[in-house]
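Chemist: I need the structure of the sequence given here:
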Amino acid sequence: MSEPIGTTKGPGQTAHEYTFITPDRAHGIKTGEFVYYLATIDGQERAILGRVARRSPVRLYPDGFLADPQVPPEAVAGMIGDLPNEPGLFEITVAILGYHDPALADLVNPRLPPHAGQPIYLADDQLLASVLNRKAPQAPGSAHVGSLLSRPAGAVPVVLDAATITSTHLAIIASTGAGKSYLAGVILEELLAPYNRAAVLVVDPHAEYDTLREMETVPSLAAEGYSSEVHIVRPDTIKVRVSSLTLPDLRYLLPDLSEKMHYHLGRTYRAVKRRYGRNWTMGQFKVTLRAGGSSKPVTDPRADEELDDQVIDAEREEDGTVGALIWRVNQLFDSKIFDDHHSLPLQELFRPGRCTVLQLNEIEQREQQVVVATLLRRLWQARLDTEKGLAQEGNENYLPYPTFVLIEEAHNYAPASNDAITSQILKTILSEGRKFGVAMGLISQRPGRLDADVLSQCMTQCILRIVNPIDQNKVAESVESVGRDLLAELPALSKGQAIIAGAAVNTPVLCRVRPRHTPHGAEDLDAPARWRAWFSQGVDQKRERDLAPLLGPENRSRSRLFR
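Modeler: Predicted structure coming up:
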């Protein structure tokens, strides 16, 4: 057993806190550090772990000793000769976490604080590695994301329980540039490693995750008979089958409709479903709309343009409202993402050992939301049907394994204003997905704009630096597992440092994120370097050659003057 670092003073401000006094100079007890005291529980001596929450000085050098910066205060104390050897004493407040119960694989609070005068010890690395984590690094179901921030890099690994984060949902929250996408990349590497082999989809609105392709060449992410796979779905290949759209989808894609337009749109949607069944087409919808939403069968096989004169009566030709709605629907269906017969196959998007990156960067935001909403609805229905035995092998809804969906910029898909078409399906999956093997990971730089119910449903939280007070308060309100002492650290965290809390770890920890195996794809542009490159010799000469056919001698000389 190590030497004690301090002596218990008494209880703290709450029932689960205590304070101890330490000289602190030799040990440097940091906020977030772990200490313990010994107590006998059920006849067995146990180490009762606690986390340092606050520290305050009890005795320091007198101000007069600090008056001359050229003279160390120790020298002044030595000349006086009547001060104790250790003038710096601190009172440390500790939040009791409890002892580790292997049977429960969790920490149990003994509700037995240390008595005054009891020695306090610094928890060693081996004890912390076994108590803080539910899994060892590279064990089946593990996700090694970094190491304990209060100890040297790599001394105490921080390992998430992958089974927990892929069943009870994950949130990664941080300000811009704090490292949230980098941490997401680390977690994806762990999920695709041979000891997990997950089926993962990444919703990537900024095309930042291309570099994950290099996972396929990382030796540590492969094993005999297994190699991780990354599939990139480019914006021009994304298709949404129009018959998968719901009436709310159409209304969301056609904003600012009048009441009369809403009436005709709803009437047409219901009529086309009755007339053509589940797999209706854009042409059938437009014909039905022009026909006034009639559910009578249209037997003429000719194209829409040829049917126009037959189905539009004189009264409807004079109806400018319907005409405006027809124009809007035509504009909507002109989008390249809608298709009559094809959509992204679920079996291609989700496959064990594969990470699919859905790039939405060239798609308008409302269409992005509809793409995600329709995809999540299909995924949810497929897992529901498969688990209940309603979908068999060969059916497009057959998906016989759990899935994990990671969504970047989650506040755009579940905003606090609750006006996105994706909000409802996200809430359904977050509240019920555990039973059917559909898990979500949400990444956001603006938790203040993220729906509070959605954030609170994520049982594991990775919180990096947050400076905005509104966002800090939103996190404090929505994340119950993180203590106020750790939340106070949010503005002071450096890039790549995170608070990790919730169901995937035994207790909240301050973590230093490990280096990635793959390059980071969300680095900021170096604008000055790009500007200088514009004037580099080779580029300058090429630009002049490219402009030469377009400019006469007089204009070329003038262009040099303005260069």
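Chemist: buried ones in stretch 175-195?
Modeler: 175, 178-195 (16 or more other CB atoms under 10 Å). Just so you know, the C-beta spots here come from the backbone N, C-alpha and C atoms, and that holds for glycine as well.
Chemist: Give me the below-cutoff pLDDT ranges for the chain.
Modeler: 1, 25-27, 81-87, 293-319, 481, 522-525, 537-563 (pLDDT under 70).
Chemist: remind me, longest helix of it?
Modeler: What stands out as the longest helix in the chain, according to DSSP state H, is helix 365-387.
Chemist: and the next element down the chain from that helix?
Modeler: strand 403-407 (DSSP states H and E).
Chemist: Next, the angle from that next one to helix 365-387.
Modeler: 170 degrees (axes from the mean of the first three to the mean of the last three CA atoms, to 10 degrees).
Chemist: Check which helices and strands the next helix or strand after strand 403-407 sits against.
Modeler: As assigned by DSSP H and E, the chain's next helix or strand after strand 403-407 is helix 423-436. Helix 423-436 sits against helix 365-387, strand 438-444, helix 452-456, with contacts defined as 3 or more CB pairs under 8 Å, 6 or more residues apart in numbering; DSSP states H and E.
Chemist: got the contact list for helix 423-436?
Modeler: Residues from elsewhere that reach helix 423-436 (CB atoms under 8 Å, 6 or more residues apart in numbering): 167-169, 373, 376-377, 380, 383-384, 387, 413-415, 438-440, 451, 453-454, 457-458.
Chemist: And that helix, what's buried?
Modeler: Quick answer for helix 423-436 (16+ other CB under 10 Å): 423, 425-427, 429-430, 433-434, 436.
Chemist: Now tabulate those in CSV and tack on distance to Leu349.
Modeler: Output for these, formatted as CSV (distance: CB to CB, whole Å):
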residue, distance to Leu349
Ser423, 22
Ile425, 16
Leu426, 17
Lys427, 22
Ile429, 15
Leu430, 20
Gly433, 16
Arg434, 21
Phe436, 17
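Chemist: Could you say which helix or strand holds Gln461?
Modeler: strand 460-463.
Chemist: Show me what that strand is packed up against.
Modeler: Going by 3+ CB pairs under 8 Å, 6+ apart, strand 460-463 lies up against strand 170-173, strand 497-502.
Chemist: can you give me the strands for the stretch 251-400 of the chain?
Modeler: Applying DSSP state E, counting those that start in this stretch to the stretch 251-400 of the chain gives strands spanning 338-339, 354-359.
Chemist: Dump the last one to CSV, keeping only the CA atoms.
Modeler: This means strand 354-359. Only the C-alpha atoms of strand 354-359 are listed here, as CSV (Å, rounded to 0.1, in the frame of the first residue of the first chain):
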residue,chain,number,x,y,z
ARG,A,354,-18.8,-2.1,-42.7
CYS,A,355,-19.0,1.6,-42.0
THR,A,356,-21.2,3.4,-44.6
VAL,A,357,-20.6,7.2,-44.9
LEU,A,358,-23.7,8.9,-46.3
GLN,A,359,-22.4,12.2,-47.8
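Chemist: chain center to that strand: distance?
Modeler: 15 Å (CA atoms, centre = their mean, to the nearest Å).
Chemist: Direction included, what does that strand pair against?
Modeler: strand 199-204 (parallel), strand 229-233 (parallel) (DSSP bridges).
Chemist: Same check on the shortest one?
Modeler: According to DSSP bridges, strand 338-339 forms sheet pairs with strand 240-241 (parallel).
Chemist: Would you mark the buried spots in the single longest strand found in the chain?
Modeler: Assignment by DSSP state E gives strand 44-59 as the longest strand of the chain. For strand 44-59, a neighbour-count test (16+ other CB under 10 Å) marks 46-55 as buried.
Chemist: so which of the residues you listed comes closest to Leu128?
Modeler: Leu49 (8.3 Å; CB to CB).
Chemist: That closest one: what's it in contact with?
Modeler: 34-36, 96-100, 107, 123, 127, 131, 507.
Chemist: just the strands paired with strand 354-359: most buried one?
Modeler: A comparison of those by mean neighbour count, using mean count of other CB atoms under 10 Å, puts strand 199-204 on top with a mean of 25.
Chemist: what's downstream of that one, the next helix or strand?
Modeler: Per DSSP H and E, the helix or strand that comes after strand 199-204 is strand 222-223.
Chemist: Any idea what the residue minimising distance to the centre of the chain is bridged to?
Modeler: Centroid-nearest residue in the chain: Ile443, 2.5 Å away (criterion: CA atoms, centre = their mean). As for beta bridges, Ile443 partners with Ile172 under DSSP bridges.
Chemist: So that it lines up with my notes, have the first residue be 18 from now on.
Modeler: All right, first residue 18 from here; so that's Ile460.
Chemist: For Ile204, see how far away it is.
Modeler: 10 Å (CB to CB, to the nearest Å).
Chemist: and if you look at Pro417?
Modeler: Where Ile204 is concerned, Pro417 sits at a distance of 24 Å (CB to CB).
Chemist: With Val93 instead?
Modeler: 52 Å.
Chemist: what do you get for Val52?
Modeler: Val52 is 29 Å from Ile204, by CB to CB.
Chemist: One more: Gly283?
Modeler: 42 Å.
Chemist: what's the answer for Leu306, then?
Modeler: Following CB to CB, the distance that separates Leu306 from Ile204 is 46 Å.
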